[in-house]
Structures are given as structure tokens and as C-alpha cells.
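What follows is a protein structure lacking sequence information:
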């Protein structure tokens with residue numbers, strides 16, 4: 001990770017293989033990361049940056065949320081169709097709650113004592129009662145439901161649908177889906193600035209953040225970032241937005257008011273989730289490609305004299321080259337010519 005005066009690096013914490021979901025408890029001075037290829041929840045000290053425990057969970061934990069009141073962490077174990085509940089004070093998994101197929105996303109609504117799990121393969125959402133530790137509802141969403149965030153001011157919950165370029169809107173009281181908001185292609189993560197009535201969605205395929213107006217319930221703008229953002233969070237003071245660019249190994253630093261990318265901070269390979277220590281303002285980033293959590297500070301006080309350039313790849317907008325691949329279902333050879341003239345998505349998934 002690079003060092004700079006505006007964004008000093010505080011190092012990188014070695015964790016289990018393939019870290020994804022990330023959460024912090026600033027009061028307890030602990031951090032938590034779901035290590036998808038190690039099948040563990042790793043717990044680290046926010047001050048010493050040392051891993052203090054590696055707790056076994058289900059297969060391929062991706063999503064992660066944390067309930068500060070109980071000290072419970074919830075991982076969505078994609079290949080096990082489970083939500084593991086970890087007592088982070090006792091360093092042990094206390095329950096595994098069956099959900100539906102390939103749960104890859106998670107969100108928490110502490111005020112209503114609920115955890116929401118995005119079941120990607122079933123395109124729906126499991127609702128878990130935090131205190132009873134059981135599923136109390138299932139909500140239909142759209143294709144490839146994933147990351148979820150709650151807005152306690154408007155009593156709404158939002159779930160991104162990776163395969164539908166949309167966000168499902170849910171009534172927080174009734175757990176009923178009440179609409180959708182169109183966003184850019186392949187939304188991966190949503191974060192909410194409830195005080196300002198805004199949400200930000202990381203759209204991985206088109207390298208943008210969608211800006212949502214939560215009062216109007218619609219997209220009101222987009223922000224160009226570097227490449228393949230899969231994580232997004234709002235800074236401690238609400239004046240900065242941070243996006244983890246998986247395809248570039250950087251974090252984009254964005255001014256919330258102008259909606260412009262002000263800087264790019266080098267981190268580990270294939271960064272994903274990221275979050276901010278509300279006590280210190282320090283930023284933590286899970287690096288799936290290097291199995292680390294990068295740590296840095298933001299000391300940029302004003303708009304820099306030189307802004308990052310967003311250069312289009314020379315192949316963008318050009319015809320797709322001809323190719324042949326075997327169909328995984330029946331083994332027969334398929335060619336790109338079969339879909340000529342049609343709109344389709346090629347998803348080259350990298351298993352870090």
C-alpha cells in the first residue's frame with residue numbers, strides 16, 4: 001500500500017484467505033472480517049492491528065453485519081445456505097440459521113432488531129430476528145439480490161439486485177417490498193447517508209456510483225470512479241464517500257457535495273468492502289486478492305489542485321471479439337455469434 005501525506009498508510013493486517021465483508025466496533029476497539037476462502041470470521045484489534053481470533057463459520061462467508069448491542073456478528077455463508085451467528089466476545093459461533101440459496105449479501109436494522117440476508121440465487125431476502133435468532137419473513141426481490149442497507153429515518157430497507165440493475169425498496173415496519181429504483185448495471189453494494197437523505201450504490205460493471213434521493217425514491221446522479229467498484233461507504237463526517245475499486249486496487253475518495261472523485265488511494269489487490277472507524281476516522285478495506293485489511297487515514301483538507309483522470313479503455317464501445325466456449329451444462333460448444341445483435345452480460349468471475 002502506498003504512502004502519501006494526504007492519505008498516510010497505517011499498514012495492512014494479514015487475515016484469512018479471501019476477506020470480504022467488514023465491520024467495526026469502535027467502542028470495543030475490535031474489527032471483524034468474513035474470510036470467504038478460509039471459512040472464518042477473523043477478529044482484529046483496532047489499535048494493535050493484530051488478529052486476536054479466527055472463528056470457524058459456514059462455507060464461503062461473504063456478507064457480514066455486526067450488532068453492537070449484543071456483540072453478535074452475522075456472516076452470510078454463500079455455499080452453505082446459512083447465516084452464522086458469532087459471539088465476538090466469547091470468540092465462538094453460537095448458531096447457524098438456515099436461509100435460502102447462495103446468501104451473498106447482508107444488512108442490519110438495529111432499531112427494529114433485524115438482520116436482512118440477500119439470497120442471490122433465489123432473488124429474495126431472509127429476515128432474521130436478532131433477539132430470537134430465527135427467520136421471521138421472506139421478501140421477494142429481483143434477480144441476484146445482494147447487499148442491503150437500512151434507513152431508520154424513513155423506515156425503509158434497500159436491497160441491491162446485481163442481475164436486474166435495480167434496488168428493491170422495503171417497508172421497515174411490515175417487511176413488504178414496495179417498489180424498485182433503477183440504477184446502473186451490476187450493483188454490488190449500497191450505503192446510506194440517512195441524515196442527508198442519500199444513498200450510494202457501487203455499480204461494478206460500469207464503474208460508477210449511483211446517487212439515490214431517498215425522499216424522491218429515485219436515482220438523481222452518477223459518479224464515475226476508477227474500475228469495478230464493489231464496496232462503498234460514507235466517511236465519519238459525511239463529507240466524503242469511499243469506493244473500493246476491485247479492478248484497480250484502489251479506493252476512490254469522493255467529495256459528497258460536488259460528487260467528484262478527488263483522489264485514489266492504493267490498497268491491496270482486489271479491494272472490496274470498506275468501513276470507517278467513527279472514533280478516529282480511519283478507513284479499513286478488505287483486500288480479497290492479498291488476504292489483508294488495508295488501513296489508512298484521510299487528511300485531505302480541501303479539493304486537490306489535480307483530480308484523477310477517468311480514461312476509457314480503448315475496447316469500450318467496440319464490437320466483441322469472436323470467441324468459443326463450452327457450455328457448462330451440456331458440454332457443447334457455443335460461439336459469441338449466437339447472440340450477435342442482442343444485449344447480454346459476460347460475467348468473468350474471479351474466485352480470489
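Alright, I've got the coordinates. None of the values given here were measured: they were computed from a predicted structure. Residues are numbered from 1 along each chain as shown.

contacts and neighbour counts: CA atoms only from here.
Fine.

Lowest mean pLDDT among the helices and strands of this protein, which one is it?
The least trusted helix or strand in the chain, going by mean pLDDT, DSSP states H and E, turns out to be strand 324-326, with a mean of 82.

so what's residue 241 up against?
232, 233, 234, 235, 252, 253, 254, 255, 256 (C-alpha atoms under 8 Å, 6 or more residues apart in numbering).

Pipe those into JSON lines and attach neighbour count, pLDDT and distance to residue 8 per row.
As requested, these are exported to JSON lines (neighbours: other C-alpha atoms under 10 Å; pLDDT from 0 to 100; distance: C-alpha to C-alpha, whole Å):
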{"residue": "232", "neighbour count": "27", "pLDDT": "98", "distance to residue 8": "20"}
{"residue": "233", "neighbour count": "25", "pLDDT": "98", "distance to residue 8": "19"}
{"residue": "234", "neighbour count": "22", "pLDDT": "97", "distance to residue 8": "19"}
{"residue": "235", "neighbour count": "22", "pLDDT": "95", "distance to residue 8": "16"}
{"residue": "252", "neighbour count": "26", "pLDDT": "97", "distance to residue 8": "15"}
{"residue": "253", "neighbour count": "22", "pLDDT": "98", "distance to residue 8": "14"}
{"residue": "254", "neighbour count": "24", "pLDDT": "98", "distance to residue 8": "17"}
{"residue": "255", "neighbour count": "18", "pLDDT": "97", "distance to residue 8": "18"}
{"residue": "256", "neighbour count": "17", "pLDDT": "95", "distance to residue 8": "21"}
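
want to throw those into JSON lines with secondary structure?
Formatted as JSON lines, the entries for these read as follows, by DSSP: H, G, I helix; E, B strand; the rest coil:
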{"residue": "232", "secondary structure": "strand"}
{"residue": "233", "secondary structure": "strand"}
{"residue": "234", "secondary structure": "strand"}
{"residue": "235", "secondary structure": "coil"}
{"residue": "252", "secondary structure": "strand"}
{"residue": "253", "secondary structure": "strand"}
{"residue": "254", "secondary structure": "strand"}
{"residue": "255", "secondary structure": "strand"}
{"residue": "256", "secondary structure": "coil"}
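
residues of stretch 100-120 that come out buried?
Of the residues in stretch 100-120, those buried by neighbour count under the rule 16 or more other C-alpha atoms under 10 Å are 100-109, 114-120.

cool, stretch 122-136 as well?
Going through stretch 122-136 with 16+ other C-alpha under 10 Å, the ones that come out buried are 122, 123, 124, 125, 126, 127, 128, 130, 134, 135.

ditto for stretch 154-173
Using 16+ other C-alpha under 10 Å as the burial criterion, the residues of stretch 154-173 that qualify are 156-172.

re earlier: can you tell me which of the buried residues of stretch 122-136 is closest to residue 310?
If you rank these by distance to residue 310 using C-alpha to C-alpha, residue 123 comes first, at 33.2 Å.

Check the spacing between that closest one and residue 308 real quick.
37 Å (C-alpha to C-alpha, to the nearest Å).

In strands, which of the buried residues of stretch 100-120 fall?
The members of the buried residues of stretch 100-120 that map onto strands under DSSP state E are 103-109, 114-119.

With that, I have no additional questions.
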